[in-house]
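In: generate a structure from the sequence data that follows.
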Amino acid sequence: MRRAIAVVAVLPMPRIEFHGRVHLGPLLTLVARFVVDLLVASGQVAVQALDPRRRPRSAVLAVPLRSQSDLYLTLTAVVTSLVPGSVIVEAHRAAGTLYVHVLDIGMTGGVEGAREHVLELEARILRALASDEELAAAGLQRRPRRRREVGA
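Out: Prediction:
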């Protein structure tokens, strides 16, 4: 334990800048969608494990992310890896690219479906935590709030 503390003290990790702020509505959407993804993927993996006739077609996909921030790249990688059936095998920081291993590409809507799933996750993370400038740099907008129309 003392060695670990010494290593951290002597070789500190670089600081990760956070310029955004927490947006409660999009954060709740991110968490709710994560829970749904977790349940769906768990069911899909269970079906694969229990059906000996099923032969999954796995793949490793390169997914170039829209944000150049180390923070959002890391968060996207972690949340992607938490969902059963997908694992990050490499994160290329300079290129902003995640390499994702997908257990069964057929259950995720093919290569483009799996890639789109990771990009949608990144967009939800950005909408929940990024500043407006970071969103604009990633080519995204915060979703406008729905306004109730008052009947006349």
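In: and the strand or helix carrying Leu126, how far out from the chain's middle?
Out: Secondary structure assignment for Leu126, by DSSP states H and E: helix 110-129. Computed by C-alpha atoms, centre = their mean, to the nearest Å, the separation of helix 110-129 from the middle of its chain amounts to 6 Å.
In: going forward, count from 2.
Out: In the new count, where the first residue is 2, that last one comes out as helix 111-130.
In: ok, and what's touching it?
Out: Contacts to helix 111-130, defined as C-beta atoms under 8 Å, 6 or more residues apart in numbering, come from residues 19, 21-24, 27-28, 30-31, 34, 38, 60, 62, 64, 66-68, 72-73, 76-77, 80-81, 87, 99, 101, 103, 106, 109-110, 135-136, 139, 141, 143-144. For glycine as for every other residue, the C-beta is placed from the backbone atoms N, C-alpha and C.
In: ok, now with 6 Å
Out: Helix 111-130 is contacted from outside by 21, 24, 27-28, 31, 62, 64, 66, 73, 76-77, 80-81, 101, 103, 109, 136, 139, 141, 143, using C-beta atoms under 6 Å, 6 or more residues apart in numbering.
In: which of these are buried, as a ChimeraX select command?
Out: Entered in ChimeraX, the line below selects the buried ones among those, by 16 or more other C-beta atoms under 10 Å:
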select :21,24,27,31,62,64,66,73,76,77,80,81,101,103,109,136,139,141,143
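In: helices - which of the contacts of helix 111-130 land there?
Out: 27-28, 31, 73, 76-77, 80-81, 136 (DSSP state H).
In: what residue ranges in this protein score low on pLDDT?
Out: Along the chain, the model assigns pLDDT under 70 to residues 145-153.
In: which residues of it fall in strands?
Out: Here the chain has its strands, by DSSP state E, at 60-65, 87-93, 98-103.
In: dump these into JSON lines; add distance to Ala5 as well.
Out: JSON lines is the format used below for the strands of the chain (distance: least, C-beta to C-beta, whole Å):
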{"stretch": "strand 60-65", "distance to Ala5": "32"}
{"stretch": "strand 87-93", "distance to Ala5": "23"}
{"stretch": "strand 98-103", "distance to Ala5": "28"}
